[in-house]
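Student: only geometry, no sequence info:
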């Protein structure tokens with residue numbers, strides 16, 4: 001046989017097989033051990049293998065795991081991947097019996113089970129961090145329920161609201177993102193073992209038993225889909241991508257709010273870096289790092305999803321080792337972003353002086369003046385809007401805050417209606433005060449105290465539901481791990497027929 005006919009070609013080995021081998025070591029070795037053990041337990045419990053066979057295989061598996069130094073293990077080309085290395089070690093110890101562990105399974109269902117277990121762990125960890133951030137933002141929003149800020153639309157000062165109301169909007173999106181990740185994990189937590197290559201097997205296997213031992217919610221249903229469908233990958237990464245896309249928009253606001261020109265968000269000294277040459281500068285660099293981390297996490301998720309485009313509906317390498325490992329970096333950058341944001345936002349405060357100055361300069365309460373005229377003077381909104389607009393133009397031109405603009409208002413009212421206004425100066429000042437603006441917006445979803453309290457109660461209830469579902473996932477995984485350990489120990493003692 002010529003070198004060109006001998007597998008593997010050295011370049012293929014270096015560029016594909018060796019990285020896959022290293023990836024298996026780094027990410028999946030423990031999962032392969034669990035799968036081997038769970039499958040062997042099932043083979044013994046169903047009688048597919050005899051008691052002496054399962055006991056011998058169990059001891060050999062344990063010995064291989066104990067003797068193998070994963071860190072020192074290197075790809076040599078002797079075995080295509082780590083899975084085959086373990087099988088070769090079994091055969092070396094047990095002869096033909098070593099190959100019986102592979103009864104009623106395939107590398108296809110093994111691989112997708114490995115990938116799902118890895119995604120479940122990472123997804124649960126990320127979801128836990130999302131919940132931590134949501135909890136921190138709810139607490140901060142409640143603390144800042146009465147703290148006035150300027151809200152912007154189209155990059156311009158628009159209306160007053162509260163920091164608590166603003167954060168509550170971010171919480172709602174984050175909780176919906178948490179729900180999407182939670183729903184996506186439901187699909188990931190189904191076990192493909194027993195699907196074998198494509199069509200299951202003629203042996204009387206117990207797929208539910210293997211799924212339970214491995215901590216899965218249940219087995220997958222269609223065996224073809226078990227090895228061909230990738231929606232468990234695309235759905236999870238899509239949900240995660242959306243989370244960081246949405247958080248990136250929040251971070252962009254933080255960059256805007258901390259700018260010198262706006263300045264309504266103050267970052268504490270522990271999260272500020274001073275320029276190396278300009279000592280007057282307070283650089284809130286965590287904002288930039290947050291924007292970067294959110295973009296990187298979203299982009300890495302998009303890379304995984306995009307790789308699945310136009311691939312065949314079959315078992316294929318496009319959804320396997322190298323792609324899976326590339327996706328794991330999204331969880332790493334995402335976790336950093338979530339942890340940093342959960343520390344950053346609660347530590348920030350609102351500069352009330354800058355809020356007041358910006359509010360005065362832009363007449364952001366003028367909408368309430370128009371509303372007051374509709375309610376109290378019987379005007380149409382268009383009439384009231386015109387009077388308010390004239391008033392705003394006058395006080396801005398004079399460089400005065402709106403609360404000092406009663407004279408300009410009275411003149412505008414007279415010019416528009418032909419009569420004097422009944423709104424005296426104290427009532428005018430009350431109508432254009434930011435506190436009045438907020439207090440009068442007490443409808444569902446508004447910034448007034450009653451509306452916000454109702455929202456906070458709903459957020460806490462939703463968050464509790466996600467946290468409870470996550471706790472159930474953790475308990476199921478722990479229960480499976482304990483049951484597998486006990487069942488494998490029984491195999492070692494020859495207790496399973």
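Tutor: Done, it's in. Note that the structure is predicted; figures quoted are calculated from it, not measured.
Student: Just the element for the nearest residue to residue 463 once chain neighbours are set aside, please.
Tutor: Excluding the flanking residues, the one nearest residue 463 by C-beta to C-beta, 6 or more residues apart in numbering is residue 134, at 5.3 Å. Just so you know, the C-beta spots here come from the backbone N, C-alpha and C atoms, and that holds for glycine as well. If you go by DSSP states H and E, residue 134 is part of helix 107-143.
Student: Show which residues not belonging to the following helix or strand past that helix make contact with it.
Tutor: Remark: after helix 107-143, the chain's next helix or strand is strand 148-153, criterion DSSP H and E. For strand 148-153, contacts defined as C-beta atoms under 8 Å, 6 or more residues apart in numbering pick out 157-163, 166, 256, 262, 264, 350, 352, 355-356, 358-359, 362, 364, 434-435, 438.
Student: Just the buried residues of those.
Tutor: Among the contacts of strand 148-153, those scoring as buried are 157, 159-163, 166, 262, 264, 350, 355-356, 358-359, 362, 364, 434, 438 (criterion: 16 or more other C-beta atoms under 10 Å).
Student: Would you verify that residue 157 is located in a helix?
Tutor: No. Applying DSSP: H, G, I helix; E, B strand; the rest coil, one finds residue 157 to be strand, outside a helix.
Student: ok, now which ones touch it?
Tutor: Applying C-beta under 8 Å, 6+ apart to residue 157 gives the contacts 150-151, 358-359, 361-362, 364.
Student: and of those residues, the nearest to residue 462?
Tutor: Closest to residue 462 out of the contacts of residue 157 is residue 151 (23.7 Å), distances taken as C-beta to C-beta.
Student: what's around the closest one, how many residues?
Tutor: 15 (other C-beta atoms under 10 Å).
Student: circling back to that earlier point, show me the buried ones among the contacts of strand 148-153 that map onto strands.
Tutor: 157, 159-162, 350 (DSSP state E).
Student: pLDDT and distance to residue 142 added to those, as JSON lines?
Tutor: Formatted as JSON lines, these follow (pLDDT from 0 to 100; distance: C-beta to C-beta, whole Å):
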{"residue": "157", "pLDDT": "95", "distance to residue 142": "25"}
{"residue": "159", "pLDDT": "96", "distance to residue 142": "21"}
{"residue": "160", "pLDDT": "97", "distance to residue 142": "19"}
{"residue": "161", "pLDDT": "98", "distance to residue 142": "15"}
{"residue": "162", "pLDDT": "98", "distance to residue 142": "11"}
{"residue": "350", "pLDDT": "98", "distance to residue 142": "15"}
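Student: Show me which of the residues you listed is closest to residue 227.
Tutor: Looking across those and measuring by C-beta to C-beta, the closest to residue 227 is residue 161, at 51.7 Å.
Student: check contacts around the closest one.
Tutor: 148-149, 151, 438, 447.
Student: Closest one to residue 332 out of these, please.
Tutor: Closest to residue 332, out of all of the contacts of residue 161 and judged by C-beta to C-beta, is residue 149, at 33.2 Å.
Student: For the residue lying closest to residue 285 once chain neighbours are set aside, what are phi and psi?
Tutor: Residue nearest to residue 285 in three dimensions, not counting chain neighbours: residue 273, with 4.9 Å by C-beta to C-beta, 6+ apart. Reported as degrees, to the nearest 10, the phi and psi values for residue 273 are phi -110, psi 140.
Student: List the beta-bridge partners for residue 273.
Tutor: Residue 273 forms beta bridges with residue 283, as assigned by DSSP bridges.
Student: I'd say it and residue 279 touch.
Tutor: No. Judged on C-beta atoms under 8 Å, residue 273 makes no contact with residue 279 at a distance of 11.9 Å.
Student: residue boundaries of the helices in the stretch 151-300 of the chain?
Tutor: For the stretch 151-300 of the chain, the helices defined by DSSP state H, counting those that start in this stretch cover 163-188, 207-213, 223-228, 231-257, 285-307.
Student: Please work out which of these is packed deepest.
Tutor: Most buried of those, by mean neighbour count (mean count of other C-beta atoms under 10 Å): helix 207-213, with a mean of 22.
Student: pLDDT (mean, whole number) over it?
Tutor: For helix 207-213, the mean pLDDT works out to 98.
Student: list the helices and strands that helix packs on?
Tutor: Contact analysis of helix 207-213 by 3 or more C-beta pairs under 8 Å, 6 or more residues apart in numbering; DSSP states H and E lists helix 29-45, strand 190-191, strand 218-219, helix 449-492 as its packing neighbours.
Student: related to what we said a few turns ago, could you export the ones in strands among the buried ones among the contacts of strand 148-153 to JSON lines, including columns for distance to residue 81?
Tutor: Output for these, formatted as JSON lines (distance: C-beta to C-beta, whole Å):
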{"residue": "157", "distance to residue 81": "60"}
{"residue": "159", "distance to residue 81": "60"}
{"residue": "160", "distance to residue 81": "62"}
{"residue": "161", "distance to residue 81": "57"}
{"residue": "162", "distance to residue 81": "57"}
{"residue": "350", "distance to residue 81": "56"}
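Student: now the helix holding residue 134 and strand 156-162, what's the angle there?
Tutor: Interaxial angle, helix 107-143 versus strand 156-162 (axes from the mean of the first three to the mean of the last three C-alpha atoms, to 10 degrees): 80 degrees.
Student: tell me what helix 107-143 is packed against?
Tutor: Against helix 107-143 (3+ C-beta pairs under 8 Å, 6+ apart) you get helix 29-45, helix 163-188, strand 190-191, helix 223-228, helix 231-257, helix 321-347, helix 449-492.
Student: For my notes, please list those in CSV and give distance to residue 82 and mean pLDDT for each entry.
Tutor: Shown next, in CSV, are those (distance: least, C-beta to C-beta, whole Å; pLDDT from 0 to 100):
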stretch, distance to residue 82, mean pLDDT
helix 29-45, 7, 97
helix 163-188, 22, 98
strand 190-191, 20, 98
helix 223-228, 19, 96
helix 231-257, 21, 97
helix 321-347, 10, 96
helix 449-492, 20, 97
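Student: Could you say which one of the ones you listed comes nearest to residue 142?
Tutor: Short answer: helix 449-492, nearest of those by C-beta to C-beta, at 5.7 Å.
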